[in-house]
Structure formats: C-alpha cells, structure tokens
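1. output the structure for:
(one chain, ligands or ions: 2)
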Amino acid sequence: MKFDVTSHPEPTPEARRQQILADPGFGTNFTDHTAVIDWTQDAGWHSARIEAYGPITLDPAAAVLHYAEEIFEGMKAYRHADGGIYTFRPYANARRMNRSARRMAMPQLDEELFVQSLEELLALDAGWVPSGEGEALYLRPFMFATEAFLGVRPAREFTYRVIASPAGNYFGGELKPVRIWVSRDFARAAPGGTGDAKTGGNYAASLAAQAQASEQGCDQVLFLDPLHDNAIEELGGMNVFLVTSDGRLITPELTGTILEGITRDSVIQLAKDRGMTVEERRVTLDEWDRGVQDGTITEVFACGTAAVITPIGELRDGDRTIASTGTGDVTQAIRDELLGIQTGVVEDRHGWMHRL
Ligand code: PLP
Ligand code: COI
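-> Numbers count the residues shown, from 1 in each chain. Ligands and ions are numbered 1, 2, ... in the order given. Here you go, the predicted model:
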C-alpha cells in the first residue's frame, strides 16, 4: 500500500534531539512522525499515510473512549554497525497483534502492511534511533475504535497508528535487580478473559496493583493465577523465568491468561541452543521460595521488549520478603546474547533481525 506524507512536522531542533538521545529514559519523548492507516467496514484498510506527530482529533463518542476497544504492540529498532536499522522478529508482533485483534473483535491487518508501516516511519525518523548500551527506538503500533456510537458491539471504524520513542532502561538508570510485589488483592486475568491479548484494559486493570507495588517500594507487580493458589503468571508488563542450579529454565506455561512474550519465546530458543532444558509448566510461589532457600533456584529474571532481560532481586509478599537472588551468570549470558543479536554484534542464526 502506498503511504502519502500528508503533513510535515516542524523538525525537533537538532540540539534537543541530541539531548534526548543522550539520555532517552522511557516513553516520554517521541519522534517527529507517525504512521497511520484507517479502516472502515465498507472500505477495509485505506488512507495509509505519514503525518507529523501530534495530538489527534477523536469524536467524544468514539468507542475506544467508552468500551476500550484497543490493542497495541511493543518492539524496538536498533542501529547496527553497517549503518542499517533493524528490528527484531516483526512478523511475530504482527501475528500477535492479529491474535489480539481477533479477541477484541477488531479487523486483521496484513502482516506485510504492519511491517511496511514500520519501514515507512523509520525511513523518515531514522535519526531518532539511539545507540548507547541497552538503548533502542521503542516502536508502539496500536489500533483503536474510532466509530462514534454508544451501542455495545464491535466498532465499524478503526485507526491503526505507529509512534516511536527513544528508549533506555525501562526501570531507569543502570541495569540492576528489580523488586517485585506479589499482587494478593488484584488478579490480572482469568480463563476466557483477555489475558493473552495485548489490549489496554489488561494494563488498566493492573494499575491499582502497580500503585500498591510502588507504595511498597517495588518496581513491578507479580500476578498469580486466580484459580490455582500461588501459581505465578507474569508481571504487569513482562514474563518471568526461574533458573535452577542444574541448568534448567522454568517459566509459566501459556494457558491463555498470560501474554505470549516474543522475548519469552526467544529466551526459550536461546536456552535450548545452549543445551539447557526448558520447562513450561505451572510453577508456584512456594516452589520459588523453597528453591531459593535450598539453593536449587539460583536466578530469577523478567523479560520483555521494554525490560529486555532484567534480574529480579527481592520478591515481597505482604510483610514477607520471600526470596532474593541477584544478577546471575545465566541471566547475564542470555541477556548479552539476546542484546548482541538485536544490536548486530552476535550472529543472528535464527534470522530474527529484519532490516527496516
Ligand atoms: N507480558 C506482558 C503483560 C507484557 O506487556 C509484555 C510486553 O510486551 C510481555 C509480557 C513481554 O512480551 P514481549 O517479549 O513480546 O515484549
Ligand atoms: C513492552 O515491553 O513492549 C510492553 O508493552 C510492556 C510495557 C511495560 C511497556
């Protein structure tokens, strides 16, 4: 599909762009452009365009504002030594967005068009990709219901957009083990719900728990399976892995209530490549606690696009600190390998990188 450039931004002054790139933080600064495609029931996807980044006009009755018909993706673009800009497994994100779309009764977007939208945006905003250690341009494709109608049924008009934001460490500052708060008052997802869809409502539902975590001095929330007491699911925005002293990786299985992380899938592959056994199964907080205490669980880490691979230090469950591990060798090695592939310094033997 042809993308027209329909509005030209006042480019961010060079000195300001350099200042942002020198210390990007996470999610607060945005590039000059946005890619947009509209969908209507009659015309399908149309009006693909690149616009100046800026506020958008939405009817106050737009369905997304009332019934939260919205999905999104998260991915990153990296600058390689060959001067090219690459992204990681974009077709996996495209497929996941279409799975989310099905669950939320939203239209499918052709995988090639999804990838093309990233290419079109980066063709104009390539100068926004930071190149410091652990830094990248975070890409946020999203789709939402624009139809002005208050009846509750799948909307008939949607917009798809991509925005981009230079990003450093999601947790701020240098990489260090994060503190996790176990959510006892709030569940994230239940069977048949939307837990495995990347839809805004899941994040809205996580915020009260995340606020509790912050009040307790923790960085992220761990959600438990609401039906099986003490089985762990995932963090508010990351999947979780446990590393055993005999070289196994354990991670909660995909049961429909957790997000199928692309980083999770890649970690499983890299671990298998190293000859490690990977167990995708139910794993309880008690197994985690006991394992750390008797030394059979040596490392725990969180993973996701924003978080990359971040060691989990302390785990707090109410008044108890039930386990504590630091940054271990396995966590560090898998992080180094994954980041190495993403930044083009380690061989991409699975063909995961896509030049934009
Ligand atoms: N779980 C949740 C709830 C997330 O929001 C994310 C981030 O996208 C992940 C897991 C990790 O997914 P990915 O590795 O595809 O970024
Ligand atoms: C991502 O990692 O892309 C996410 O969507 C998670 C969010 C915590 C930023």
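
2. for ligand 2, what are the nearby residues on the chain?
-> Residues of the chain lying close to ligand 2 by Cβ under 6 Å from any ligand atom are Gly74, Gly237, Gly304, Thr305, Ala306. C-beta here means a position set from N, CA and C on the backbone, and glycine is covered the same way.

3. what's the pLDDT at the third one?
-> Model confidence at Gly304, expressed as pLDDT, equals 97.

4. list the contacts of it.
-> Counting by Cβ atoms under 8 Å, 6 or more residues apart in numbering, Gly304 makes contact with Gly74, Gly237, Met238, Asn239, Gly261, Thr263, Arg264.

5. neighbours of the first one, how many?
-> The reference is to Gly74. Residues near Gly74, counting by other Cβ atoms under 10 Å, number 18.

6. pretty sure it contacts Ala306?
-> Yes: counting by Cβ atoms under 8 Å, Gly74 does reach Ala306; the two are 6.1 Å apart.

7. give me the common contacts of the two.
-> Residues touching both Gly74 and Ala306 (Cβ under 8 Å, 6+ apart) are Tyr138.

8. all helices for this structure, in order.
-> Under the criterion DSSP state H, the chain contains helices at 14-22, 63-67, 90-103, 111-125, 200-215, 262-273, 285-294, 329-343.

9. state the distance from Lys76 to Gln18.
-> 20 Å (Cβ to Cβ, to the nearest Å).

10. so between the two, which is more surrounded?
-> Taking Lys76 and Gln18 together and counting by other Cβ under 10 Å, Lys76 has the greater number of neighbours (19 against 11).

11. so for the more buried one, what's the nearest residue that isn't a sequence neighbour?
-> Counting by Cβ to Cβ, 6 or more residues apart in numbering, Lys76 lies nearest to Ala136, which is 3.9 Å off, once chain neighbours are set aside.

12. check Ala126 too.
-> Using Cβ to Cβ, 6+ apart, the nearest residue to Ala126 is Ile85, at 5.7 Å.

13. for Phe149, what are phi and psi?
-> The phi and psi torsions at Phe149 (degrees, to the nearest 10) take the values phi -160, psi 130.

14. so it is in contact with Ala61, correct?
-> Yes: counting by Cβ under 8 Å, Phe149 touches Ala61, with 6.5 Å between them.

15. residue most distant from the centroid, this protein?
-> In terms of distance from the mean C-alpha position of the chain, Asp294 ranks first, at 33.0 Å (Cα atoms, centre = their mean).

16. which residues touch Thr57?
-> Taking Cβ under 8 Å, 6+ apart as the test, Thr57 contacts no residue whatsoever.

17. from the chain's centre, how far out does stretch 202-210 sit?
-> On the basis of Cα atoms, centre = their mean, to the nearest Å, stretch 202-210 sits 15 Å off its chain's mean C-alpha point.

18. now do Ile37 against ligand 1, distance only.
-> 22 Å (Cβ to the nearest ligand atom, to the nearest Å).

19. same check on Gly83?
-> According to Cβ to the nearest ligand atom, Gly83 and ligand 1 sit 26 Å apart.

20. what does that residue show for phi and psi?
-> The phi/psi pair for Gly83 (degrees, to the nearest 10) is phi 90, psi -10.

21. what does the pLDDT read for it?
-> Here the pLDDT value assigned to Gly83 is 91.

22. could you do the one 5 residues further on as well?
-> The model reports Phe88 with a pLDDT of 98.

23. wouldn't it be in contact with Met75 here?
-> Yes: the criterion here is Cβ under 8 Å, and Phe88 meets it with Met75 at 6.5 Å.

24. any shared contact partners between the two?
-> Counting by Cβ under 8 Å, 6+ apart, the residues touching both Phe88 and Met75 are Ile262.

25. which strand residues bridge Ala323?
-> Assessed by DSSP bridges, Ala323 has beta-bridge partners Leu315.

26. wait, isn't it in contact with Val292?
-> Yes: using Cβ under 8 Å, Ala323 is in contact with Val292, at 4.0 Å.

27. count the residues that sit near the residue nearest to Leu113 when sequence neighbours are not counted.
-> Of all residues not flanking Leu113 in the chain, Met1 sits nearest, at 5.9 Å (Cβ to Cβ, 6+ apart). Number of residues near Met1 (other Cβ under 10 Å) recorded here: 13.
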